[in-house]
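Peer 1: sequence and predicted structure are below.
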Amino acid sequence: MNLQSFGYNDFFEKAFEQYKELGYTVGRIALEHKRMYRVWTEEDELLCEVSGKFSFIAASRDDYPAVGDWVVIKTREGENRGTIHAVLPRKSKFSRKAAGTNTEEQIVAANVDTIFLVNSLNDDLNLRRIERYLLLSWESGANPVIVLTKADLCSELEAKVAEVEAIAMGVPVISVSVLGEGGLDGLQPFLLPGKTIALLGSSGVGKSTMTNYLLGDEKQKVQTIREDDAKGRHTTTHRELILLPQGTVLIDTPGMRELQLWDSDNGLAESFTDIEALADECKFRDCGHDNEPGCAIIQAIENGLFDKNRLTSYKKLQRELAYLERKQDKRAQTEEKKRWKNISVEMKQKYKKV
């Protein structure tokens, strides 16, 4: 296996130099399951786990390897196994808040060049959800592309595509029918050798069908959506690297029912450039875009130039980010207190020994 064929480049080579001199191997995380990792290396695919020192130093969930990461490995001769000692710096990462009450980052995919945001052109098409995906995509450092599937089943294709384009702010919007093999040529400019594509979207939108088509194989079992509510069923159960015939690395991901935000201030500005630009024309610098006089955004809505629902979505995402920031600050304060408490205990133990 050639490292360059699955995304290795000068950026990672430079970061790996210090480890290479010490006899380590570099590889890419292809699959993760309960802190066990399948890693692609130049020689073979290895089953790896992190070292004890790695676990001790890791302060949070995002310090551990994620699918798409390049990692530093010490191989075990004749065992097809290895130990992970470090994660190389990431060029990009698509993150969300982990499920549950804890304020933790979950990295969905790392070192991605392009994100295919897959949405189905059925009753489950949701513009507000697309805005949320776009926000996190811009924050990730990768380039988003919106892929609208099942175009052959949509009776109002042009109107639906126009609705999505209105909130996409220059992001490519490609409508396809995988089963009918329509519109798929539009994906080809992004499927380049050595580049990494991540497929993200809800369950049942056609990610596994698209993977099978691109791979030319029935690798992913396909399930139909539920007829009663047009909602999808989970097909992919874990994130995994797949090497396509043309040399593109594909990261297929399970459908995400819930997409909570994570550190997305820059992404918010990128996703809502229309609102941000209009806000500069408001009479008051601290305009809340409610009932203030001279509000350019409210004026645009009244003139029919702007969708009120988009402003509502913008405000909702702003509130979510503000709440997340407060929770993160509180967590950081708690962790700092815990760290100093541990230091104090260690110092007392040292003085006792003396």
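Peer 2: Thanks, I have it.

Peer 1: drop to CA atoms for contacts and neighbour counts, all remaining ones
Peer 2: Fine.

Peer 1: how does the protein divide up, domain by domain?
Peer 2: Following the assignment in automatic domain parsing, the chain carries domains at 3-87, 93-252, 272-354.

Peer 1: quick one: low-confidence parts of this structure?
Peer 2: Of all residues in the chain, those with pLDDT under 70 make up the ranges 97-103, 123, 217-237, 255-267, 269, 323-354.

Peer 1: try 50
Peer 2: Of all residues in the chain, those with pLDDT under 50 make up the ranges 222-234, 236.

Peer 1: so which residues of it form helices?
Peer 2: Assigned helices in the chain, in chain order: 10-20, 52-57, 127-140, 157-168, 207-215, 265-271, 273-279, 296-302, 308-353 (criterion: DSSP state H).

Peer 1: now those helices in JSON lines, with distance to residue 84 and mean neighbour count?
Peer 2: Converted to JSON lines, the helices of the chain look like this (distance: least, C-alpha to C-alpha, whole Å; neighbours: other C-alpha atoms under 10 Å):
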{"stretch": "helix 10-20", "distance to residue 84": "12", "mean neighbour count": "13"}
{"stretch": "helix 52-57", "distance to residue 84": "8", "mean neighbour count": "12"}
{"stretch": "helix 127-140", "distance to residue 84": "24", "mean neighbour count": "22"}
{"stretch": "helix 157-168", "distance to residue 84": "39", "mean neighbour count": "16"}
{"stretch": "helix 207-215", "distance to residue 84": "29", "mean neighbour count": "21"}
{"stretch": "helix 265-271", "distance to residue 84": "32", "mean neighbour count": "19"}
{"stretch": "helix 273-279", "distance to residue 84": "41", "mean neighbour count": "16"}
{"stretch": "helix 296-302", "distance to residue 84": "52", "mean neighbour count": "18"}
{"stretch": "helix 308-353", "distance to residue 84": "26", "mean neighbour count": "13"}
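
Peer 1: which stretch among those helices comes nearest residue 186?
Peer 2: helix 207-215 (12.8 Å; C-alpha to C-alpha).

Peer 1: for that closest one, packing partners?
Peer 2: With contacts defined as 3 or more C-alpha pairs under 8 Å, 6 or more residues apart in numbering; DSSP states H and E, helix 207-215 has these neighbours: strand 249-252.

Peer 1: note down every partner strand of the strand it packs on and its orientation.
Peer 2: Using DSSP bridges, strand 249-252 pairs in its sheet with strand 196-200 (parallel), strand 240-243 (antiparallel).

Peer 1: mind checking which of these is nearest residue 28?
Peer 2: Nearest to residue 28, of all the strands paired with strand 249-252, is strand 240-243, at 9.1 Å by C-alpha to C-alpha.

Peer 1: and the contacts of that closest one?
Peer 2: Judged by C-alpha atoms under 8 Å, 6 or more residues apart in numbering, the contacts made with strand 240-243 from elsewhere in the structure are 6, 29-32, 67-68, 215, 249-253.

Peer 1: hmm, residue 150 is touching residue 182, no?
Peer 2: No. Using C-alpha atoms under 8 Å, residue 150 and residue 182 do not qualify as a contacting pair, with a distance of 9.4 Å.

Peer 1: please identify which of the two sits among more neighbours.
Peer 2: Here residue 150 and residue 182 are compared on neighbour count by other C-alpha atoms under 10 Å; more neighbours surround residue 150, at 21 against 15.

Peer 1: picking that back up, reformat the helices of the chain as JSON lines; add distance to residue 198.
Peer 2: Compiled in JSON lines, the helices of the chain are given as follows (distance: least, C-alpha to C-alpha, whole Å):
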{"stretch": "helix 10-20", "distance to residue 198": "19"}
{"stretch": "helix 52-57", "distance to residue 198": "27"}
{"stretch": "helix 127-140", "distance to residue 198": "10"}
{"stretch": "helix 157-168", "distance to residue 198": "18"}
{"stretch": "helix 207-215", "distance to residue 198": "10"}
{"stretch": "helix 265-271", "distance to residue 198": "18"}
{"stretch": "helix 273-279", "distance to residue 198": "24"}
{"stretch": "helix 296-302", "distance to residue 198": "35"}
{"stretch": "helix 308-353", "distance to residue 198": "23"}
